[in-house]
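In: coords please:
(4 chains)
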Number of protein chains: 4
Amino acid sequence: MVKVGIIGGSGYTGGELLRLLLFHPEVELTQVTSREYAGEYIFRVHSNLRGITNLQFDKPDLSKTINQCDLVFMSTPHGVSSKLTPKLLDAGLKVIDLSADFRLKNPEDYPRWYGWSHPVPELLKKSVYGLPELYREKIKNAQLVACPGCMAIVTILALAPVVKANLIDLEHVVADIKIGSSGAGAKPSPASHHAERFGVIRPYKPAGHRHTAEIEQELSQISGSKIKVSMSAHAVNVVRGILSTIHAFLVEKVETSNLWKVYRSFYQNEPFIRLVRDRKGLYRLPDPKVVVGSNFCDLGFEIDNHTGRLVVLGAIDNLVKGAAGTAVQNMNIMLGIEEKTGLNQPALHPI
Amino acid sequence: MVKVGIIGGSGYTGGELLRLLLFHPEVELTQVTSREYAGEYIFRVHSNLRGITNLQFDKPDLSKTINQCDLVFMSTPHGVSSKLTPKLLDAGLKVIDLSADFRLKNPEDYPRWYGWSHPVPELLKKSVYGLPELYREKIKNAQLVACPGCMAIVTILALAPVVKANLIDLEHVVADIKIGSSGAGAKPSPASHHAERFGVIRPYKPAGHRHTAEIEQELSQISGSKIKVSMSAHAVNVVRGILSTIHAFLVEKVETSNLWKVYRSFYQNEPFIRLVRDRKGLYRLPDPKVVVGSNFCDLGFEIDNHTGRLVVLGAIDNLVKGAAGTAVQNMNIMLGIEEKTGLNQPALHPI
Amino acid sequence: MVKVGIIGGSGYTGGELLRLLLFHPEVELTQVTSREYAGEYIFRVHSNLRGITNLQFDKPDLSKTINQCDLVFMSTPHGVSSKLTPKLLDAGLKVIDLSADFRLKNPEDYPRWYGWSHPVPELLKKSVYGLPELYREKIKNAQLVACPGCMAIVTILALAPVVKANLIDLEHVVADIKIGSSGAGAKPSPASHHAERFGVIRPYKPAGHRHTAEIEQELSQISGSKIKVSMSAHAVNVVRGILSTIHAFLVEKVETSNLWKVYRSFYQNEPFIRLVRDRKGLYRLPDPKVVVGSNFCDLGFEIDNHTGRLVVLGAIDNLVKGAAGTAVQNMNIMLGIEEKTGLNQPALHPI
Amino acid sequence: MVKVGIIGGSGYTGGELLRLLLFHPEVELTQVTSREYAGEYIFRVHSNLRGITNLQFDKPDLSKTINQCDLVFMSTPHGVSSKLTPKLLDAGLKVIDLSADFRLKNPEDYPRWYGWSHPVPELLKKSVYGLPELYREKIKNAQLVACPGCMAIVTILALAPVVKANLIDLEHVVADIKIGSSGAGAKPSPASHHAERFGVIRPYKPAGHRHTAEIEQELSQISGSKIKVSMSAHAVNVVRGILSTIHAFLVEKVETSNLWKVYRSFYQNEPFIRLVRDRKGLYRLPDPKVVVGSNFCDLGFEIDNHTGRLVVLGAIDNLVKGAAGTAVQNMNIMLGIEEKTGLNQPALHPI
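Out: Numbers count the residues shown, from 1 in each chain, chains lettered A, B, ... in the order given. Just a heads-up that it's a prediction; the model follows:
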């Protein structure tokens, strides 16, 4: 049993890590920290785990972490991991960081997108961008994996095949994203107040969303050319789920069947990618409703011949494939465990 | 009192017309027809009107309509109005058609977008496209007004100022639309079953939506050049409301303050357009949540300098400004009544 | 035009008062105060009122209130009105208090139910319990009206006819109440965080709810005997609306038609009571969905012969008939204005 | 591997059985029938199972069932199982019936509550009421198990301890039940149309609900005296989940700590009963939100000294503990498999 810890376990991502790791057959949870809830039963905060675990939150204590853990998940606010992770790495631990602190390769992107100078820029080269579908081989040997942002995961996965195949105009790529309220975290605010948040279709970040930086970084890497992504984020009336609707323009006419082959060959054998483009049924194209609770990323597309547009659709559960599920998937790869271990639950339906 | 009728009053648009017209001080409802509910109390179908009216549905009867009405709202399925309206016009009635039958000017657009040859193409020239903000003067003297589609209304209103000012690239215009379940009408289907429809972010029409035809018709008219609109429609977890997020690319750099002036001057004195772009508050940009129940169309925008993109946001209640409210607004103009009459209720908040 | 003010206008009840009073033809809003938002445009807080009013919040200032207003709505937290109201009354103003400060007649009920000694117990006799259906005549001449609690309004109205007719066992009366999130006010909290509040069926107050006190006070008054009400309050996944399901036991067998007559005769000519008990249609019994936005209280019942039980159902919009609507209804009565003035909007449907 | 079949696999209960059984380590699914979808891929109907199974629906064929299965789940409309089950039993198969056909012991209860004469009343004695917490020993050796109704499960489990301990008045027991839309099944209807079903608090069965029969049967059995249950069912705005709020009257004063002991001792070692009555946290009492997707039944209570009332609260996921989960739990017991096998997933949170 590998000993794993969670630093910052009281948020929604921490809760999902707990839900997954408590049932993972090859790891043992040895420490879960929370500054705010130290000493409290975990099930008081994550009430779905009542009757499942009697673990309590530990107060943060790096030396205890180093003594008790082989691998650590950093589920902390942006800016915390870059302070703690160097020490954990020095002590020989493996680290899977769910914050943004090690996602960007170019140190200058941090002041630009996060308003913040990176304290250990040399570690950015060492960290592996934790998207298994792109970097599985590198993740195997990584000591530090930076889990992507939730909107970045689905958007990169949706676009990677057509970017690699040079099928789209890189100057006019629009990602119109719809996300549930859990994406904003567990901390109450006026914007998350039920009476104000219920029923919205709220364009909360029409431009300038930080995930743009990693999407452009990764897709430019795949393309070999610089891609510009025009991203807008909207809050909609669900708790879990992201739909990324990507509007791109084809550089030449492509048949649906050929595009289908591009996606199939790019993602063949991927355990968590489902290509969804059906002739019948209610869920003929990706919809977060049928991935909620699972680690699947559903991808589909439609060609709009009228305007030469390609619409790519990607759906994930922002807390699973968008965060904790991908983190566990990375862990499995880093530890040489079968990649689907602990991640094979299907979505609940209807929900 | 002008005598008005509603042909096809049992659907959601019919219900909204009733809600508005029953309190309109200058008209009298003389006939409301429904094939399915003839003889039934209206409040059995539109239960919000219990205690408000004891009217019953009439069975459709054109000669009765002609005898009893001065002006008729056609709230019928597509294809019905084009059969009945010519007779009503011949009899001297004014007609406000809420279906698509008289929206498109080019008869060839009907087979193309609706799969259907128009039976009275000569009437297409006579009908006025019922968007008061664009055609107020023509509406004043029109005998036949074709109310626009709900998604067309908000998308045209959002883009008209920048199209007229030649600010955007007409080849790469994306309209990403999110709509509530009432937009699909009152007839149950597997897709509208609560357990399947609740919580979706469903891309139900990623390309080829019929409202594209009227959006392109009207914006091309404004521009003088042909515009192509890449439209995608999504179902989200509300009953009422549309947000249209329009992603366009600026042909040259524009300052926010100048763009603001473009919108202000285009819409000055418009009673139902609110420009929403605030520095603070939860609703700093358009969100259907704060227009529900009102005839407002909220418009706002954001410039994305990173990609040279303009994001325009438009929010309406699909049943009010998107249908019955605009229809009543048209009626007021046609009858020389003050335009806001019967339409001045604000949205309910919170809801 | 009567000059009216709102003390504490930034909450949801204040917002509803504004929505109603801004369109009321016989009053002029002369002051709306808010400690927190003084100087701010009202539409920044109540975004549905953007384009409707350019009023700003005033900072609280009693002498200004006295100078500028003839009648004042107290929409303040419990405990505030009992300090301010005596001064307003002394200055000759009429006061409609939406807080609990003047609802209970017995001063000892305040320490018992509110944990708080009443500072001006002598005023409790002077205040009239503001339920027009019970106290219309007294309200006409009242200087101080205490608007009932939202759950109390619907529960009292549902039970009054059968209590007066001595039809039910007064020892076993259960009021099982379901309410939307707006009932908890505008202030965010962990319990109101969308991700935690969405989808709940949460028994947040199974026993000991404060509205029990006024329900028992009023129904005991009607009965002449002491009634005990067993009340439980649940939070459900809507923003507006209350359904009160009252389970009572019949003291003798009663026919449905006779019970119907009891309700009809009790509420004949009441402008805002609808008796709902239909043979067909989706809304055969009261459901808050079809009262949202209106001042109606829908009442219905069913007899359960199996157990000798009477189920009475009452549905209101907690912010309208449950608060601001009843307050305006009281104002109309106090001012000798036709009682429905400003309150005749039907519910929105569907919503 | 035990070979199991599902007769009637296209509904929501069938979907949940599939979700659970496809991951159950000790059974093999050998037949899943559907009259409507015969030949169709299961994932077209249960879209959450896409990528999980390539099984197709079989057309109903009893001889094939008999050849291929050791144990069969009947997930059929009421009235079907009583025709098929006798033949399956004769062929030696074990049957777990999720319909109402074998729940009631007294044949006369069928015409009374279901309007229907039972065709094989002699089998009613043979069938075991499939509530493991009450009948675990009998289930072990049963050939035919009748799974209880969803509302019956949670209501019986909530009341059993206090009924057994003779603590409540058996004449005044109220069960006020709130349920999500999945409880009404997968077939669309006007009442389930999203625009009509969203946001309701609809008292759809204030009296006379059929589950009353089994609740009274089982609780009377426990009590030794006849109990009368006054049940009302309400539809609320969620897809999954039941909260049963039971209002009972204590025959004598009881301390909270003693009542706690009554529940603890009744349910000690029960794997799926959680007693929830916490001092802090958002979920201090049962709420379906934190059981969704799990097989837990959360139970809690509060004593209302003011009226001598006991409020018992029970929360389940209607499709899991309320149907498929209990069915699998029964299967495990019948087959001598560890009872929690295949059922240990916690709820998703937040959702």
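
In: quick one, strands of the stretch 101-250 of chain A?
Out: A:128-129, A:144-146, A:173-179, A:202-205, A:229-235, A:242-249 (DSSP state E, counting those that start in this stretch).

In: State which helix of chain A is the longest.
Out: As assigned by DSSP state H, the longest helix anywhere in chain A is helix A:150-164.

In: contacting residues for the nearest residue to A:H193 once chain neighbours are set aside?
Out: Leaving aside its chain neighbours, A:H193 sits nearest to C:P188 (4.3 Å; criterion: CB to CB, 6 or more residues apart in numbering or on different chains). (Each C-beta comes from the backbone N, C-alpha and C, glycine too.) For C:P188, the contact set (CB atoms under 8 Å, 6 or more residues apart in numbering or on different chains) comprises A:P188, A:S189, A:P190, A:S192, A:H193.

In: Turn those residues into JSON lines, columns for pLDDT and distance to A:P350.
Out: Below are the contacts of C:P188 laid out as JSON lines (pLDDT from 0 to 100; distance: CB to CB, whole Å):
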{"residue": "A:P188", "pLDDT": "97", "distance to A:P350": "28"}
{"residue": "A:S189", "pLDDT": "97", "distance to A:P350": "30"}
{"residue": "A:P190", "pLDDT": "97", "distance to A:P350": "31"}
{"residue": "A:S192", "pLDDT": "98", "distance to A:P350": "25"}
{"residue": "A:H193", "pLDDT": "98", "distance to A:P350": "27"}
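
In: Can you pick out the most distant pair from the residues you listed?
Out: A:P188 and A:P190 (8.5 Å; CB to CB).

In: who touches the residue of chain A positioned farthest from its centre in this structure?
Out: Relative to the centre of chain A, the most outlying C-alpha is that of A:H306, 33.5 Å out, by CA atoms, centre = their mean. Listed by CB under 8 Å, 6+ apart, the contact set of A:H306 reads B:A207, B:G208, B:T212, B:K228, B:S230.

In: Would you convert those residues into TSV that also reports neighbour count, distance to B:F296 and pLDDT?
Out: Shown next, in TSV, are the contacts of A:H306 (neighbours: other CB atoms under 10 Å in any protein chain shown; distance: CB to CB, whole Å; pLDDT from 0 to 100):
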residue	neighbour count	distance to B:F296	pLDDT
B:A207	21	29	98
B:G208	14	29	96
B:T212	25	24	98
B:K228	17	29	98
B:S230	26	26	98
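
In: Out of those residues, which sit inside helices?
Out: The members of those that map onto helices under DSSP H are B:T212.

In: okay, the contacts of A:H306 in TSV with distance to chain A next?
Out: Listed next are these as TSV, based on distance: CB to the nearest CB, whole Å:
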residue	distance to chain A
B:A207	4
B:G208	7
B:T212	7
B:K228	5
B:S230	4
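
In: What is the most widely separated pair among the contacts of A:H306?
Out: Longest span within the contacts of A:H306, CB to CB: B:G208 and B:K228, 13.1 Å.

In: what about A:M334, distance to B:T341?
Out: Look at A:M334 and B:T341: by CB to CB, to the nearest Å, they are 69 Å apart.

In: Looking at those two, which is more packed in?
Out: Neighbours were counted for A:M334 and for B:T341 using other CB atoms under 10 Å in any protein chain shown; A:M334 has more, 22 against 17.

In: The more buried one and A:K138 touch, don't they?
Out: No. Contact criterion CB atoms under 8 Å: A:M334 and A:K138 do not qualify, at 10.4 Å.

In: Quickly list what A:V72 is bridged to.
Out: A:V72 has these beta-bridge partners by DSSP bridges: A:G5, A:V95.

In: residue contacts, it?
Out: Counted by CB under 8 Å, 6+ apart, A:V72 has contacts A:V4, A:G5, A:I6, A:I7, A:T65, A:L88, A:L93, A:K94, A:V95, A:I96.

In: which of those residues has the most neighbours?
Out: A:I6 (32 neighbours).

In: So which bits of the stretch 51-200 of chain A are right by chain B?
Out: A:E171, A:H172, A:V174, A:D176, A:K178, A:P190, A:A191, A:A195, A:E196, A:F198, A:G199, A:V200 (CB under 8 Å from any CB of the partner chain).

In: before we move on, the earlier item: among the contacts of C:P188, which are located in helices?
Out: Per DSSP H, the subset of those in helices is empty.

In: Among those, which one sits closest to chain B?
Out: Nearest to chain B among the contacts of C:P188, counting by CB to the nearest CB, is A:P190 at 5.9 Å.

In: pretty sure the closest one contacts A:E196?
Out: Yes. In this structure A:P190 lies within contact range of A:E196 using CB under 8 Å: 6.5 Å.

In: Return every residue with contacts to both of those two.
Out: Residues touching both A:P190 and A:E196 (CB under 8 Å, 6+ apart): B:L282.

In: Which of those two has more residues huddled nearby?
Out: A:E196 (27 against 12).

In: Got the confidence number for the more buried one?
Out: A:E196 is assigned 98 on the pLDDT scale.

In: ok now do it, which residues does it touch?
Out: A:P190, B:L282, B:K289, B:P350.

In: and of the residues you listed, the nearest to B:T326?
Out: B:K289 (19.9 Å).

In: ok, the closest one - how many residues close by?
Out: 29.

In: Kindly report the same for the one 10 residues further on.
Out: Around B:L299 sit 27 other residues, with neighbours defined as other CB under 10 Å.

In: Surely it and B:V312 touch.
Out: Yes. B:L299 lies in contact with B:V312 (CB under 8 Å); the separation is 7.1 Å.
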